[in-house]
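Colleague: the following comprises the amino acid sequence and a computationally predicted model.
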Amino acid sequence: MRKKSTPEGLEPVDALEAKSLPMAPRGIRSGLRLNIRGRSVHLRGLRRPPGGVLRWLAILGPGLIATSAGNDAGGIATYSQAGAKFGYELIWVMLILTLSFAVVQEMCARLGAATGRGLLDLIRERFGIGWALFAVAVILVANGGVTVSEFVGIGAAMELLGVSKYIAVPAGAIIIWYLVIFGSYAKVEKIFLGMTLVFFAYPVAAILAKPNWMEVARGAFIPSLRADPAYILIVVGLLGTTITPYIQIFQQSSLVERGVARRHYGPEKVDAYVGAIFSNLMSISMIIATAATLYVVGHRDIETAADAAKALEPVMGSSATVLFAIGLLGATLLAGAVLPLATAYAVSEAFGVPKGVNLDFRRGKVFFSLFTALIVVAAVLALIPGLPVIQLLVGVQVLNGILLPIILVFIVLLINDKRLTGDLKNTKRNNVLAIGTLVLITSAVLVMLGSQLLGLFGG
Amino acid sequence: MVMFSQLRRCSITDEQGGRARLLDLSVALLEADYPPVTSLIFLKQKSQKHFLPWSAVQSFEPEDCQIQVENLKASKPLRQSSLGKDVLLGDHILDALVLDLQNRRSTRANDLWLETHDERLELRAADTGFQSMIRRLSGGRYGRMSRSSRYDWKYVEFLRGDPEAVRNGEGYHLRISRLPAGEIARLTDMLPYLHAAELITLLPDAKAVQALQALSPERQLQVFEELKEDQALALLTLMAPDIAADLLGRLPTKLMRSYLEKLPEKQSERVVELLHYAEDTVGGIMTNDVIYLRANLTVGKALESLRESLKEPAFVFIIYIVDNDKSRRLRGLLSLRNLLTSKADQKLEEIMDPYLTTLDPLSPAVEGAYRVIDSHVAALPVINKEGRLLGIVTVDAAVAQVAPPDWRTQAPRIFS
């Protein structure tokens, strides 16, 4: 507290008059000089967002975090599997997906800014309760599946560290539930995020593993198509894990949460694009790192998390497994908390029931029940003995890929509704890209379903 | 009583034996607490939506689900303009966000209850329960009618999600303006920002200002930018200068300047004065909407001159005594209670408290905030080097400064 040299408050103010009060101005920030009503005034109290580099960090931060957290257990499993099984052959898919992902992410951001509402909200309002329930079912299946895969991931990560999953998964579920419900989640989130920084080792590993760059370039620019059901399955898995329905809902609601207004929509576009490119670069480096370490030595099938960890050996040597486990644990704990939370939010919104972790249970029955049920069911399913971890993780991504077109159709319909989006409606070019993405994904899913059916009957 | 989900299965017949299936109903929201149905919308020749006014209905039997009209051929094709300000029950109200004022929450209507009354069919209640959802999905076949999830339409406000709707003169109950501003603000927290802006646009200015002041700074800005200029100016004029300064300071420079130019001179000057101080200083959290009186006034004269200044929203609990209006040097302070209970011929300087604890406008905001909180008074005065009264930091502003971020908007503002 400031010490005053005068006995302030002890003598009448007149007696203090003679000695002027000490006034040491602190470092004064430069303000803005403006001419208002013919008077030049100096305004220092403008509450402006930071400019320059800081401004971009503030804008890009959330998107980067969201997308790098998107590289969760299922993502790592699918990209690793793609690299181990087919080497560099699938990189071209990722390049196309980058464009599609960027377009879809940007549309969701725009939809959020233009309407101030979440995706399920808009579906309920525009298409009625029947379609809303259908969308909720799709989201519950997709997100529920991913939540299961996160708990499987928690189990796998802890087993790498030598802890049985029968202890780790229930403990993880309780910790997540407690942190979210009792409000200290926001603080812990940063620790989880920090743990995922391990995965920045992938780009380094991809280079240190000395891949055959000619092969990489061929995989990236010369599309290969195979009639192999396993190949098609992995392609749909890549679709599902890159453009996950959950990420879109998250993207849209995060814009709504941040309070981006339709008048100021713009920088968020860059956020969406940079986020998409960044996250896919990470994914591609995972594929390259795995291909260069496992595929080339003929290790073609990843069955456990320990196999996947081998891709990091060029950087981390013998500690690769432990570090991989830490990264995986961070990513899965993060997604294991965010997914049930985001799902409970979105569903409560669609049904118009109170939502938010600040409610007491009596008022937020639906919200809390959903959140709790998602975690409990996911944790229980993840504990089924003898689960083929990697196959399950990839399978969930394939399921996401199958459900993706449904959500995309809603997004495209909503963003083209001028009553909702006004000036932020899709442009022609946007629509061409969006519908192209939709057609591409739908046909991939159909081909996959067809080939699986053929395999079923033919085999 | 009949449910909208069941009504939608009803068929319309006419004397010539024509048949059509009812699609939707329009109501005149503007007219009454329980808006009357104004027209029937149905499909004609498979694809074209047609409508008939409710006056064409000859008989309506909810039990048999039969609506008898004079002549179906007299209907006109439905266009956007053909219903005027009337609203469609199915297209607009069902599934949209409505405010349930009895429970102070936002919700979505799964079904609607209608009742016949004086030959008219009226919208009586919104149903938000689980059973009504089943009823909707089954086209009115299943789902019990439950009274517990039914909300009297009189206390339901239907929002369109567009502030423009208010300016177009669409119908609202406006019962929400009877709630305390804080409750309105908490209600808007549950809404998307366009709905919140619609609600604020809807309220009378005095209430709108209080509600707007109680919103979080981010929300405030979002809502404010959706307002039209005349309303924005009216609200800024009524707003506490410290909140107006915080709000204007967040706007783009050009916009801020234009508002400062157009505001009434007194308010504009107050706001500009506050904008001199950086956000993290005592000056940044003070307000200059204070009542001050000259020390040589008598109590009687003082009370007389207060009559004018008390009309405006200002901090009234403590009256600051200054030497004269020009230099405004702070001499002491006086509580309103003391002033009201003193004899009329006493001079203010005789009854004022000359022992002052003051704040420096350039010292850190947090430090000043703690001094206000620790001193357990409603506010501490802020003076400059010359002893001139610049403003006060109220205990509300102090608490808001030191409270954890998610508490800030919830901390009540009682003194300003």
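Modeller: Arrived safely, thanks for sending.

Colleague: contacts only, for A:Arg363.
Modeller: When contacts are counted by Cβ atoms under 8 Å, 6 or more residues apart in numbering or on different chains, A:Arg363 touches A:Pro354. Backbone N, C-alpha and C define where each C-beta goes, glycine included.

Colleague: for chain A, what is the nearest residue in the stretch 151-300 of chain B?
Modeller: Relative to chain A, the nearest point of the stretch 151-300 of chain B is B:Pro192 (3.6 Å; Cβ to the nearest Cβ).

Colleague: look up phi and psi at that residue.
Modeller: When read as degrees, to the nearest 10, the backbone of B:Pro192 gives phi -60, psi 160.

Colleague: that one against A:Gly112, yeah?
Modeller: No - when contacts are counted by Cβ atoms under 8 Å, B:Pro192 is not listed as touching A:Gly112 (9.7 Å).

Colleague: overlap in contacts of these two?
Modeller: A:Val256.

Colleague: higher neighbour count, these two?
Modeller: Neighbour tally, B:Pro192 and A:Gly112, criterion other Cβ atoms under 10 Å in any protein chain shown: the higher count belongs to A:Gly112, 28 against 23.

Colleague: is the more buried one located within a strand, as I assumed?
Modeller: No - A:Gly112 is assigned helix when assessed by DSSP: H, G, I helix; E, B strand; the rest coil, not a strand.

Colleague: before we move on, back to that, which non-adjacent residue is nearest the residue of the stretch 151-300 of chain B closest to chain A?
Modeller: A:Gly116 (3.6 Å; Cβ to Cβ, 6 or more residues apart in numbering or on different chains).

Colleague: next: A:Ile167.
Modeller: Nearest one to A:Ile167, counting by Cβ to Cβ, 6+ apart, is A:Met158 at 7.7 Å.

Colleague: kindly provide the distance from that neighbour to B:Leu174.
Modeller: The spacing between A:Met158 and B:Leu174, counted by Cβ to Cβ, to the nearest Å, is 58 Å.

Colleague: which of these two has more neighbours?
Modeller: A:Met158 (22 against 11).

Colleague: got a pLDDT number for that one?
Modeller: Looking at A:Met158, its pLDDT stands at 93.

Colleague: ramachandran coordinates for it?
Modeller: Torsion angles, degrees, to the nearest 10, at A:Met158: phi -70, psi -30.

Colleague: ok, the one 3 residues further on next?
Modeller: Note on A:Leu161: backbone dihedrals following degrees, to the nearest 10 are phi -90, psi 0.

Colleague: so what pLDDT did the closest residue to chain B within the stretch 201-350 of chain A get?
Modeller: Minimum separation of the stretch 201-350 of chain A from chain B (Cβ to the nearest Cβ) falls at A:Gly259, amounting to 4.4 Å. Note on A:Gly259: pLDDT of 78.

Colleague: what's around it, how many residues?
Modeller: A:Gly259: 18 neighbours (other Cβ under 10 Å).

Colleague: who's in contact with it?
Modeller: Counted by Cβ under 8 Å, 6+ apart, A:Gly259 has contacts B:193, B:218-219, B:221-222.

Colleague: name the nearest residue to whichever residue of the stretch 101-250 of chain B sits closest to chain A, ignoring sequence neighbours.
Modeller: Closest contact between the stretch 101-250 of chain B and chain A, by Cβ to the nearest Cβ, is at B:Arg108 (3.1 Å). The spatially closest residue to B:Arg108, leaving aside those adjacent along the chain, is A:Gly352, at 3.1 Å (Cβ to Cβ, 6+ apart).

Colleague: correct me, but B:Ser59 touches B:Thr116?
Modeller: No - using Cβ under 8 Å, B:Ser59 is not in contact with B:Thr116, being 11.0 Å away.

Colleague: of these two, who's got more company?
Modeller: Using other Cβ under 10 Å as the criterion, B:Ser59 and B:Thr116 rank with B:Thr116 on top: 13 against 9.

Colleague: identify the bridge partners of the more buried one.
Modeller: B:Leu121 (DSSP bridges).

Colleague: show me what contacts it?
Modeller: With Cβ under 8 Å, 6+ apart, B:Thr116 has these contacts: B:2, B:60, B:62, B:122.

Colleague: most neighbours out of those, which is it?
Modeller: Neighbour max across the contacts of B:Thr116 (other Cβ under 10 Å) = B:Phe60, 21 neighbours.

Colleague: which SS state does the closest residue to it other than its chain neighbours fall under?
Modeller: Computed as Cβ to Cβ, 6+ apart, the closest residue to B:Phe60 that is not its neighbour in sequence is B:Ile67, at 5.3 Å. The local conformation at B:Ile67, judged by three-state DSSP, is strand.

Colleague: now do B:Ile67 against B:Ala20, distance only.
Modeller: Taking Cβ to Cβ, one finds B:Ile67 at 9 Å from B:Ala20.

Colleague: what of B:Gln66?
Modeller: Applying Cβ to Cβ to B:Gln66 and B:Ala20 gives a distance of 12 Å.

Colleague: and these two? Which one has more around it.
Modeller: Neighbours per residue, other Cβ under 10 Å: of B:Gln66 and B:Ala20, the larger number sits with B:Ala20, 21 against 13.

Colleague: neighbours of the closest residue to B:Met3 other than its chain neighbours, how many?
Modeller: The shortest distance from B:Met3 to any non-neighbouring residue, by Cβ to Cβ, 6+ apart, is to B:Asp111 (5.5 Å). As a burial measure, B:Asp111 scores 26 neighbours (other Cβ under 10 Å).

Colleague: quick one: contacts for B:Asp111?
Modeller: Per Cβ under 8 Å, 6+ apart, neighbours of B:Asp111: B:3-5, B:94, B:126-127, B:132, B:135-136.

Colleague: among these, name the ones in strands.
Modeller: The strands, defined by DSSP state E, take in B:3, B:126-127 from those.

Colleague: most surrounded residue in those?
Modeller: Neighbour max across these (other Cβ under 10 Å) = B:Ala126, 26 neighbours.
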